[in-house]
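J.: sequence first, predicted model second:
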Amino acid sequence: MSTIVNHWINGAEFVSTSGRTSPVYDPALGVETKRVALANQAEIDAAIKAAKDAFPAWRDESLAKRQQIIFTFRELLNSRKGELAEIITSEHGKVLSDALGEITRGQEVVEFATGIPHLLKGFYSENVSTGVDIYSTRQPLGVVGIISPFNFPAMVPMWFFPIAIAAGNTVVIKPSEKDPSASMWVAKLWKEAGLPDGVFNVLNGDKESVDGLLNSPDVESISFVGSTPIAKYIYESASRTGKRVQALGGAKNHMLVLPDADLELVADSAINAGFGSAGERCMAISVVVAVEPVADKLIPKIVERMGKLRTGDGRRGCDMGPLVTREHRDKVASYIDIAEKDGATVVVDGRNPTVDGDANGFWLAPTLVDKVPTSSKVYTEEIFGPVLSIVRVKSYDEGVALINSGAFGNGTAIFTNDGGAARRFQNEIQVGMVGINVPIPVPVAYYSFGG
């Protein structure tokens, strides 16, 4: 009988009675290892009520006490992050080094939250009118909802909950049903750190749980990361009920390569940014925009490096793991089929890979596609897998126009040795996060994600 991943409500595991579950796989083995409970309305209400009931006391807790709990959580996380990395690898499939990397990025936000006394300082002005002073303070909202994606089961929630908790809010997180155990592990760590019951709750589920958070009058805000269609749905639904919303959607990140660029650096960057975490990340570089004549010189360097990548079980020291589910693997592979039909050149084909792992795993090796038409779905849609496209352009201006015309604008980068071109790019490009000879311009914790 499969292990059931239940909920975490009011400081303890909450056994679901909904009777509905969803499979959780080990992607490297291709087998179901457990099932996750899918909440019913009563369980949704219980999680929200626990957070609502815990809010008044947590709101009134001193900043010093909140800060001390976050420091304790930070130390516990740092000493035991290897446990969390193993959980992530077993359910998501990414290699252990990538799992540790995402935890480290999440830790940066936890560390930033330890400075909450300074962050919550208000403003004061005397005599704005005769005998009138004015001041502003930062106050917690109440119950905040977090809906997180499968690709970063630790990092993305940690973008949100450390600051939310430090500021005096209480949290209900709905993790992805594909890899729910990381959030449950984090909940137990918060308990060990001394966080009062009800401040951090985990609600496992599907669309019913999402809608429950969106429609509840007791949830004051929603934070979401995921696909663009769902981001739009969440933004529209949550704002309709008067909530504050931050909803981050999909991406198609471009890397513009000028002929004067350091091609060794470009090739290394394309490999790391294109195939890290099997391309299942919203900040992956999925398109290399090569200003002619650089493509013919660059492609052999990328191919050489791709040949050295080892795809396999993330617990075996491989460079790239499997995709998260068989269905997702098949969907990503279908884009390679589309590329061929649309006249692109599949330079390196990862559809039938040799892997260091079980044959039943959800494998797709790194793939390189050249001369991709910009009308092809391979270019216009987010693939979310290890497929790197090359689009050739004749000039810098054509490359910038191409990037600016895209529907996605998460991150971008330029590779050049020309400082003037780099400065011009950062001013002209209409994308939130920009890297100059840096392939994934993800900001540090004390800057906003999204630009």
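T.: The structure has been received and is ready for your questions.
J.: show me where the stretch 101-250 of the chain has helices.
T.: Ranges of helices within the stretch 101-250 of the chain are 116-119, 155-166, 181-193, 207-215, 228-240, based on DSSP state H, counting those that start in this stretch.
J.: closest one to Val31 among those helices?
T.: For the helices of the stretch 101-250 of the chain, the distance to Val31 is smallest for helix 181-193, at 15.6 Å, taking Cβ to Cβ. Glycine gets a C-beta too; all of them are placed from N, C-alpha and C.
J.: next, the buried residues of the closest one.
T.: Judged by neighbour count (16 or more other Cβ atoms under 10 Å), helix 181-193 contains these buried residues: 181-191, 193.
J.: same deal with stretch 372-384?
T.: Those would be 372, 376, 378-379, 382-384, for stretch 372-384 by 16+ other Cβ under 10 Å.
J.: can you give me the offset of that stretch from its chain's centre?
T.: Stretch 372-384 has its C-alpha centroid displaced from the chain centroid by 21 Å (Cα atoms, centre = their mean, to the nearest Å).
J.: end-to-end on it?
T.: 17 Å (Cα to Cα, to the nearest Å).
J.: same question for that stretch, mean pLDDT?
T.: Averaging pLDDT along stretch 372-384 yields 98.
J.: quick one: residues in contact with it.
T.: Stretch 372-384 is contacted from outside by 151, 227-228, 250-252, 279-280, 284, 286-287, 328, 332, 335-336, 338-339, 342-344, 369, 387, 389-391, 402, 407-408, using Cβ atoms under 8 Å, 6 or more residues apart in numbering.
J.: what about the residues you listed, which are in strands?
T.: Of the positions in the contacts of stretch 372-384, 286-287, 369, 387, 389-391 sit in strands, assigned by DSSP state E.
J.: in this structure Ser239 contacts Gln246, no?
T.: No - contact status for Ser239 versus Gln246: not in contact, 10.9 Å apart, counting by Cβ atoms under 8 Å.
J.: those two - which one has more neighbours?
T.: Gln246 (18 against 14; other Cβ atoms under 10 Å).
J.: pLDDT at the residue lying farthest from the centre of the chain, what is it?
T.: Using Cα atoms, centre = their mean, the residue of the chain lying farthest from its centre is Thr130. It sits 50.4 Å away. Note for Thr130: predicted pLDDT of 97.
J.: looking at stretch 115-122 now, give me its mean pLDDT.
T.: 94.
J.: actually stretch 265-272, not the one I typed
T.: 98.
J.: need the residues that contact that stretch.
T.: Contacts of stretch 265-272 (Cβ under 8 Å, 6+ apart): 255, 257, 285, 288, 298, 301-302, 304-306, 309, 366, 388, 413, 415, 437-440.
J.: the stretch 351-451 of the chain: strands as residue ranges?
T.: Counting by DSSP state E, counting those that start in this stretch, one finds strands in the stretch 351-451 of the chain at the ranges 367-370, 387-393, 411-415, 433-436.
J.: in CSV: those strands, plus distance to Gly357 and mean neighbour count.
T.: Converted to CSV, the strands of the stretch 351-451 of the chain look like this (distance: least, Cβ to Cβ, whole Å; neighbours: other Cβ atoms under 10 Å):
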stretch, distance to Gly357, mean neighbour count
strand 367-370, 18, 24
strand 387-393, 20, 24
strand 411-415, 30, 28
strand 433-436, 32, 20
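J.: for these, give me TSV that also has distance to Val143.
T.: Converted to TSV, the strands of the stretch 351-451 of the chain look like this (distance: least, Cβ to Cβ, whole Å):
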stretch	distance to Val143
strand 367-370	43
strand 387-393	40
strand 411-415	31
strand 433-436	30
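J.: domain ranges for the chain?
T.: Listed domain ranges for the chain are 3-248, 253-436 (source: automatic domain parsing).
J.: could I get those domains in CSV, plus columns for distance to Tyr447?
T.: Shown next, in CSV, are the domains of the chain (distance: least, Cβ to Cβ, whole Å):
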stretch, distance to Tyr447
domain 3-248, 10
domain 253-436, 9
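J.: quick one: which of these is nearest Ala445?
T.: Judging those by Cβ to Cβ, what sits closest to Ala445 is domain 3-248, at 4.0 Å.
J.: can you tell me which of the helices of the stretch 101-250 of the chain is most buried?
T.: helix 155-166 (a mean of 24; mean count of other Cβ atoms under 10 Å).
J.: got the angle for it vs helix 181-193?
T.: Here the directions of helix 155-166 and helix 181-193 differ by 30 degrees (axes from the mean of the first three to the mean of the last three Cα atoms, to 10 degrees).
J.: show me what helix 155-166 is in contact with.
T.: Residues contacting helix 155-166 (Cβ under 8 Å, 6+ apart): 66-67, 70, 102-103, 105-107, 109-110, 112-114, 116, 119, 144, 146, 148-149, 171, 173, 175, 182-183, 186, 195, 199-200, 223, 225, 449.
J.: try it again with 6 Å
T.: Helix 155-166 has contacts (Cβ atoms under 6 Å, 6 or more residues apart in numbering) with 66, 70, 102, 105-106, 109-110, 113, 116, 144, 146, 148, 171, 173, 223, 225.
J.: ok now it, how far from the chain's centre?
T.: Going by Cα atoms, centre = their mean, where helix 155-166 is centred and where its chain is centred differ by 13 Å.
J.: ok, now stretch 30-40?
T.: On Cα atoms, centre = their mean, the centre of stretch 30-40 falls 21 Å from that of its chain.
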